[in-house]
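> sequence below, structure please.
(chains A, B and C)
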Amino acid sequence: MNFASFEFLAFLAILTLVYFVVPKKVQWIVLLLGSVVFYAFAGPVSFVFLLFAIVISYVTVQILGKRHASLKKYLEDTKETLTKDERKAYRAKHKNGSLLVVCLGILLLTVSLIYVKYLSGFSFKNGISFGSTLLEVMGISYYTFISIGYMIDVYREKAAVERNFFRHALFVSFFPQLAMGPISRYADTGEQLKVSHSFDAKEAWCGLLRILWGFFKKLVVADAIAPAIGYIVSEKLGGIYFILLCLFYSVRIYGDFTGGIDIVIGSAQILGIKLPENFNRPFSSKSTAEYWNRWHMTMGNWFTNYIFYPLSLTKTMQKLSKWGRAKLGVGIGKRLPVYTATIITWLATGLWHGFAWNFVVWGLLNGLVILVSQELNPLYEKFRARFPKLWHSAPYQSFMAIRTFLLMSLIRVFDCYCDVPLTFNRFFSVFYTFNIADIWNGGIMNLNVTGTQYIVIAVGIVVMTVVSRLSIKKPLRETLWEKPMLGNALMALLCIAILVFGSYGLGFDASAFIYGGTFN
Amino acid sequence: MKKRIIRIISFALALVAVIGVTLYFGAVLQDARLDNREGHLLCGYYDTTDSRDVIFIGDCEVYEGFVPATLFEEYGITSYVRGSSQQTVWQSYHILEETLERETPKAVVFNVLALHYGETPQESISRMSLEDMEWSKHKLDAILASMTEEESLISYFLPILRYHSRWSELDGDDFKHAFDKHADITHQGYLMQTGIDPVDTTDNRQPDDMLESLPYRAIEYLDKMTALCKEKGIELILVKAPTNSIRYYWYPEWDAQMVSYAEQNSLAYYSMIGKDEEIGLDWSTDTYDKGLHLNVYGAEKVTSYFGKILAENHNMPDHRTDAELSAIWDERIDAYYKERNGEK
Amino acid sequence: MEKLIEILENLHEGIDYETCETLIDDGILDSLDIVTLITDINDAFDVAIPPEEILPENFNSAKALFALIERLDNI
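Reported below is the predicted structural model:
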């Protein structure tokens, strides 16, 4: 089910109604059934994979829970009889067993993810090929990550073990978060999905406003600029159009992704469930590292917590570091684990997005930029200490934000072309194709976006910027809740703006409504 | 407490405002979408109350091929044409259901051209017919049967969802006339075309590849029409109006299929393909668009030809002796000639 | 404790590590810093800080970090 569809809105309305009408005790069952219905739309194949992830993570977590309990009991029982070192040794041995269990669980889920995303298109017909017809399994990237995170958290004894299979199933499959995140951890939603929720007017109103706001970002801005992006990419336009592409694509992905997440979080909010935030004004970031702490945050945290840290703290890495310090000097040795782990993490992040070279390059570039800016950091700090006034001045702060935005926009373009050499080729065309005049001589009017649409998009971007600025301390919708007249008036305006200006439906082609007007 | 009341009231007002604006703006946008006449061929029917002996049903070949005024003038047969652009068989079936709820004719004449569509060929044209119908169960059924995959039912209730992207083309007039009732531009369902644009004899295009047989779904709906007429004791007559167009080519194989269908269901089937001489059609004067459709001169000839069949083979009564009916029809015939002679 | 402060000061200058209690919350230490920091600490104190202990409450202040080191040492 697409979030931007009438089906989803009807589904959410009915679910909400049922959810608050049934006895509180069974609310979670309504959510589980809702998730099942949501999945039913995606077809039986999706369902099987989801069930697989639920069962594997459930079994893994149960075994881990039992092992933790038995270890605890053993340590308690032997308090008197064994020495500290003996107990330490037993604990370490036991932990290795648990590690094996959790690794097996992770392996199974990773294999199913890799199968679906990379290998299901594999065929022997006409030689070996990775066909483009991959299996379509809804949400697998997300629930796999949610399940793996949960298993690791239980292994680390940071999350409780859910004994009820169906509650566990709900935690893994809670429907709003499976199409595009957020990737929640057990600490985020585990408890919330267990307890009952009463209807709360404020949560419902704010949730509704947030859903509408998400639709505005997606339909009025992101989807409206999409034809221009498609045109520039398919026509392989260069020069100024490459720069426009970078900017347009940033606008599109921001509106589409943050808007989608607004719909997701808003939907859950109406039901009284607080999902973790996924974005925190990302385009105000002043460095790439900061950007990745503000953009797709739950994914970033997942990779940091479950790949980057464990990887960089493994014994091998620590040994590598020691070796490096001895052989290559302290500076390099110290950096070895961080650098290796950063590159591997970003490679994995790229591959998670898709099994293609453009994502590999995209991931590596991100890692590279972060490492380079890390190296330049002492320089920045000196500059900052030397010119504190300039550093803190608004123009310089804006300069840093714009620089980061442009850099990220540039890296993101790899996502557009899906072709690495072509992306580089078009990038370099900026330096030899001087067609900047196309901006004002009408060239940009030929990108399948009309002048009126550009105006609507521009107004939409201004509105998004203003709302973002007004939401620094607390979200604007919460401020508006305190001003009901203004708030409801704005909600109505937003609604009408989406209905009239949104890019949805079949579009209007006047000539299509003239019958027999042309001969063919 | 006070704040809570303000909250509830202002939310309710916002809701009303959104619904109101949506409906109003939707109506304006929907209405302004058409400045051609084909969008208003069905609506005139709802203003008529009299009962007729013959109902024509089908696509452009009926509303530009059969003239009720001529039929009465020459044979005293009362009739109405319920045709619309690219009317598919399922639309015809539901329009027929609607019609037979309002009156019981002696015969229903269905033009078979649309049988070669197994699915709705063009969303916009289909919608033009559907939106022109009055709301009823039949309209809903027709919508459900006609909807293409990318459409959603709700857009038929809230036209803004379909037409919103037109907002920038609206002008003041569109707002002024949004709720005006559409005048009936037809003559008992017949759409007058007085232009002449002869067939281009140098055009040597080939017709599209033939379907092996008429699509199953179309025949299924034809079966439904046959059953409906049988149930009501009304005679169903199948016709194929003449064309000289590559676009509306009617294959001999399809014709044979119709002949055998008619035989199996004991229906009459009249194909007017190849009957140009008997009808007296002259494709250099009787078409307004190079043979695609008939103009009024062609339509009158076809009507004369077919009226004779109706009177002789199907015993349609001559109402010209009925003073009351004659008075009503004379007025209609007058209006018809006024437009024909360019006085309107 | 002094050893720890020294390690921290090598990472970023100009921060009062004795009093600051928002090293993570204010984004003073990012993930790269944390790994560098742990590598140094593991070396200097002969402990092994496992990934699951990387929590804001353990890294927000030098004091908390020192407590973590002591805890791990005493297991």
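
> and residue 48, what pLDDT?
Chain wasn't specified; assuming chain A. On pLDDT, residue A:48 comes in at 89.

> switch to chain C, please.
82.

> same question for the one 3 residues further on.
The predicted structure scores residue C:51 at 84 on the pLDDT scale.

> what is the neighbour count of it?
Applying other C-beta atoms under 10 Å in any protein chain shown, we find 20 residues neighbouring residue C:51. C-beta here means a position set from N, CA and C on the backbone, and glycine is covered the same way.

> now residue B:324
With other C-beta under 10 Å as criterion, residue B:324 counts 9.

> do you know how far the residue nearest the centre of chain C is from residue B:114?
Closest residue to the average C-alpha location of chain C: residue C:65 at 4.6 Å, with C-alpha atoms, centre = their mean. Residue C:65 sits 80 Å away from residue B:114, taking C-beta to C-beta, to the nearest Å as the criterion.

> isn't residue B:44 up against residue B:189?
Yes. Shown here, residue B:44 and residue B:189 form a contact pair, counting by C-beta atoms under 8 Å, at 7.0 Å.

> who has more neighbours, the two?
Of the pair residue B:44 and residue B:189, residue B:189 is the one with more neighbours under other C-beta under 10 Å, namely 25 against 19.

> pop out the phi and psi values for that one.
phi 90, psi -10 (degrees, to the nearest 10).

> ok, now how distant is it from residue B:58?
11 Å.

> same check, this time on residue A:394
72 Å.

> give me the number of residues near whichever residue of chain C sits closest to chain B?
Closest approach between chain C and chain B, counting by C-beta to the nearest C-beta: residue C:25, at 34.1 Å. With neighbours defined by other C-beta under 10 Å, the count for residue C:25 comes to 11.

> test my guess that it contacts residue C:61.
No. When contacts are counted by C-beta under 8 Å, residue C:25 is not listed as touching residue C:61 (10.2 Å).

> check which helix or strand residue B:270 maps to.
strand B:268-271 (DSSP states H and E).

> partner strands of that strand, with direction?
strand B:235-240 (parallel) (DSSP bridges).

> elements contacting the helix or strand following the partner strand?
Per DSSP H and E, the first helix or strand lying C-terminal to strand B:235-240 is helix B:252-264. Helices and strands touching helix B:252-264, by 3 or more C-beta pairs under 8 Å, 6 or more residues apart in numbering or on different chains; DSSP states H and E, are strand B:235-240, strand B:268-271.

> tell me which of the ones you listed is the most buried.
Highest mean neighbour count of the helices and strands packed on helix B:252-264: strand B:235-240, a mean of 22 (counted as mean count of other C-beta atoms under 10 Å in any protein chain shown).

> just want the angle from that one to helix B:252-264.
In terms of direction (axes from the mean of the first three to the mean of the last three C-alpha atoms, to 10 degrees), strand B:235-240 departs from helix B:252-264 by 170 degrees.

> ok, back up a step: right, is the helix or strand where the residue nearest to the centre of chain C lies up against chain A?
Assigned by DSSP H and E, residue C:65 belongs to helix C:62-74. No. Contact between helix C:62-74 and chain A is absent, the nearest approach being 9.7 Å (criterion: C-beta under 8 Å from any C-beta of the partner chain).

> for the chain, give me the ranges with low pLDDT.
By default, I'm working from chain A. A:121-133, A:508-520 (pLDDT under 70).

> nope, chain C
C:75.

> show me which residues of it sit near chain A.
Near chain A, when you scan chain C using C-beta under 8 Å from any C-beta, you find C:12-14, C:27, C:30-32, C:34-36, C:38-40, C:42-43, C:48-52, C:54, C:75.

> so which of those belong to helices?
C:31-32, C:34-36, C:38-40, C:42-43 (DSSP state H).

> give me the buried subset of those residues.
C:31-32, C:34-36, C:38-40, C:42 (16 or more other C-beta atoms under 10 Å in any protein chain shown).
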